[in-house]
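Asker: Structure for this input, please:
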Amino acid sequence: MDAPSRPRHILVIGGGVCGLVTLRNLVERGLFDKVELVERRDDVGGVWYLDEHNASEKKPRWPSPAYPGLIGNVLPEFLSFSGAPFPQPPSTPQQPFPTLRETHDYLRTFASRYLEQGKIHLNTEVIRVEELQDGQGWNVTTRDWSADGKGQISSQVWDGVVVCTGWYDDPLWPGTEGMDILKEKGLALHAKRYRGPQKYAGRRALIIGNGNSSNDIAAHLAPLAQNPVYRSIRRPALRHFVSLPDSRIQDVVPVKRFTLQGDGKITAELQDDTTIQDIDVVFVGSGYFPNPSFLYVRDPKSSTGSLAPLMSQVSRDVPQSRRIPSLHRHILYAYNPSLAFIGSVMCFTPFTIADVSSTWLALAWTNEVAYPSTPEELLQFEKDRIVDVEKRRGIEAQETGREASSLFTYSALGTSEEDYAAGLKREIVAARPELKDSLPEWSDERRTWRQSMYPVKYQSLQWLKTQRERIVDNSVVNGNV
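Answerer: Numbering: from 1, shown residues only. Here you go, the predicted structure:
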């Protein structure tokens, strides 16, 4: 079998966690003539870069879903790219989880040499990527938002493209009756737009969901908002969504419908037929879906090879279809493997998963790691995973007596995370034995280590709560409140 043609000139789209480590691994572990990265914002870091809004700027703004005071849920060992250990936070051991700023500083330092070398182009928005006919590459159209660029549009053809834009552009909203009206009125806000609790002091709030963002928002609002703060949940939180119990937060069943009151406030009718009246704001923590809307591929169902949006192959309305379609190993596009994705699936430890998957990609594109040669063979991975996930969802539904969690889906690695990474590493080490000690060892022991983070997170939240209470007590004693 002939080896696949190798891309020589590669563009990485997105300067967050996935994009930065992909750039490093393609440059230092691959054999390519040219590798560059474009990022539409004015700094690297992706979701970990919380920029200040400048109303005088005329260029578009793509805000991070992060918020001031955010503290991560992953220990430094799982935030470390191979060969670049994450510094221990100064609050270790009581609070060993890095803050938003500490994580951004790490990513900025990691990217610094590539910025200096001119391999990273900031303020460069990708507005369209088109697959060319007959495997001739990808035409990438960008807009330059730098001070000198003034929004100028240009195009360039690349042999290979890696999409590392992640999940956090397109919020997923529940289809609850009345939600659309609340959105139009600005009374329902997705967690992506949350920037702190101060403006909601004294107001009645309802939060939908009990994942990390919803739990953080509830905890932030509890001391300031009208009590209780309501949190609408379908099931108890999964163990990796850690939060402290708080008597000011009241969990309620899912919402059946929302209606607007005459005074502009909200009534929520719950599925147990109780109601909550006079709600001022609803926060929605229902997650996101991947949507690289700029990407156009040759329609695999078209006899003429016409262009179609990649995401037209799936529907966002079905949980299993909220995925980047037609990917082998969650990485290579089956119909044209010169297109790749890093970060196409949610996982517990995205830094290390992006590292191993982009290393695998670098070796696959240099023909050191083999992969199937036909679209049908490449698509088998997706077909097998859909069957496996549906089987697992059925088992969970049968065991719990309710619908399986929406987090239990194709686009979340879940309990298969270590097995997935271990499989990629085996192929990497077979091609490059010297990388064995550079990449983590994914195993049952590592899974146990990862799971042990959650009790540590709980203890750190208790410590932080104690510190905040001491600050308040000291302020009272000193007459500052």
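
Asker: from here on, contacts and neighbour counts on C-alpha atoms
Answerer: Fine.

Asker: Could I have the CA atoms of stretch 66-75 written out in PDB?
Answerer: Provided in PDB are the C-alpha atoms of stretch 66-75 (Å, rounded to 0.1, in the frame of the first residue of the first chain):
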ATOM      1  CA  ALA A  66     -14.000  32.500  31.900                       C
ATOM      2  CA  TYR A  67     -14.800  35.000  34.600                       C
ATOM      3  CA  PRO A  68     -12.800  36.900  37.200                       C
ATOM      4  CA  GLY A  69     -11.700  34.800  40.100                       C
ATOM      5  CA  LEU A  70     -12.000  31.500  38.300                       C
ATOM      6  CA  ILE A  71     -10.000  28.700  39.800                       C
ATOM      7  CA  GLY A  72      -9.500  25.500  37.700                       C
ATOM      8  CA  ASN A  73     -10.500  22.000  38.700                       C
ATOM      9  CA  VAL A  74      -7.400  20.200  37.400                       C
ATOM     10  CA  LEU A  75      -4.100  19.800  39.300                       C
END
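
Asker: Identify the residue nearest the geometric centre of the protein.
Answerer: With distances taken as CA atoms, centre = their mean, residue 167 lies nearest the centre of the chain, 4.3 Å away.

Asker: Now for that residue: which residues touch it?
Answerer: Residue 167 makes contact with 288, 289, 290, 291, 344, according to CA atoms under 8 Å, 6 or more residues apart in numbering.

Asker: can you do 7 Å?
Answerer: Contacts for residue 167 (CA atoms under 7 Å, 6 or more residues apart in numbering) come out as 288, 289, 290.

Asker: where does the stretch 251-400 of the chain have low pLDDT?
Answerer: Residue ranges of the stretch 251-400 of the chain with pLDDT under 70: 319.

Asker: the strands in the stretch 51-200 of the chain, which residues?
Answerer: 120-121, 124-131, 138-144, 152-158, 160-163, 188-190 (DSSP state E, counting those that start in this stretch).

Asker: Start from the N-terminal end of the stretch 51-200 of the chain and give the helices.
Answerer: Assigned helices in the stretch 51-200 of the chain, in chain order: 100-116, 179-185 (criterion: DSSP state H, counting those that start in this stretch).

Asker: can you tell me which of these comes nearest to residue 460?
Answerer: Closest approach to residue 460 among the helices of the stretch 51-200 of the chain (CA to CA): helix 100-116, 15.7 Å.

Asker: State the mean pLDDT of that closest one.
Answerer: The pLDDT scores in helix 100-116 average 98.

Asker: And the contacts of that helix?
Answerer: Here helix 100-116 makes contact (CA under 7 Å, 6+ apart) with 20, 44, 45, 48, 49, 70, 71, 72, 86, 120.

Asker: In this structure residue 207 contacts residue 232, no?
Answerer: Yes: using CA atoms under 7 Å, residue 207 makes contact with residue 232 at a distance of 6.1 Å.

Asker: Of those two, which one has the most company?
Answerer: Neighbour totals were compared for residue 207 and residue 232, and residue 207 leads with 28 against 20 (other CA atoms under 10 Å).

Asker: Can you name the residues bridging to the more buried one?
Answerer: On the basis of DSSP bridges, residue 207 is bridged to residue 231, residue 283.

Asker: Okay, buried residues for stretch 429-438 please.
Answerer: Within stretch 429-438, the residues scored as buried using 16 or more other CA atoms under 10 Å are 429, 431, 435.

Asker: Let me fix that, I meant to ask about stretch 410-419.
Answerer: Across stretch 410-419, burial judged by 16+ other CA under 10 Å covers 410, 411, 412, 413, 417, 418.

Asker: measure the second one to residue 195 for me?
Answerer: Relative to residue 195, residue 411 is positioned 27 Å away (criterion: CA to CA, to the nearest Å).

Asker: Equivalent analysis for residue 393, please.
Answerer: Applying CA to CA to residue 393 and residue 195 gives a distance of 34 Å.

Asker: Tell me which of these two has more neighbours.
Answerer: Neighbours around residue 393 and residue 195, counted as other CA under 10 Å, are more numerous at residue 393. The numbers are 18 against 14.

Asker: That one: what's it in contact with?
Answerer: By CA under 7 Å, 6+ apart, the contact set of residue 393 is 404, 408.

Asker: Helix, strand or coil: sort out it for me.
Answerer: helix (DSSP: H, G, I helix; E, B strand; the rest coil).

Asker: what's the answer for the one 3 residues further on, then?
Answerer: Per three-state DSSP, the local secondary structure of residue 396 is helix.

Asker: Quick check, it in contact with residue 408.
Answerer: No: judged on CA under 7 Å, residue 396 makes no contact with residue 408 at a distance of 9.2 Å.

Asker: how many neighbours does residue 398 have?
Answerer: With neighbours defined by other CA under 10 Å, the count for residue 398 comes to 12.

Asker: Tell me the spacing between it and residue 405.
Answerer: For residue 398, the distance to residue 405 equals 12 Å [CA to CA].

Asker: Likewise for residue 142?
Answerer: Residue 142 sits 38 Å away from residue 405, taking CA to CA as the criterion.

Asker: do the same with residue 349
Answerer: For residue 349, the distance to residue 405 (CA to CA) stands at 20 Å.

Asker: These two: who's more crowded?
Answerer: Remark: of residue 349 and residue 405, residue 349 carries more neighbours, 18 against 14, as counted by other CA under 10 Å.

Asker: ok, now which ones touch the closest residue to the more buried one other than its chain neighbours?
Answerer: Closest residue in space to residue 349, ignoring its immediate chain neighbours: residue 78 at 6.0 Å, by CA to CA, 6 or more residues apart in numbering. Contacts for residue 78 (CA under 7 Å, 6+ apart) come out as 349, 351, 352.
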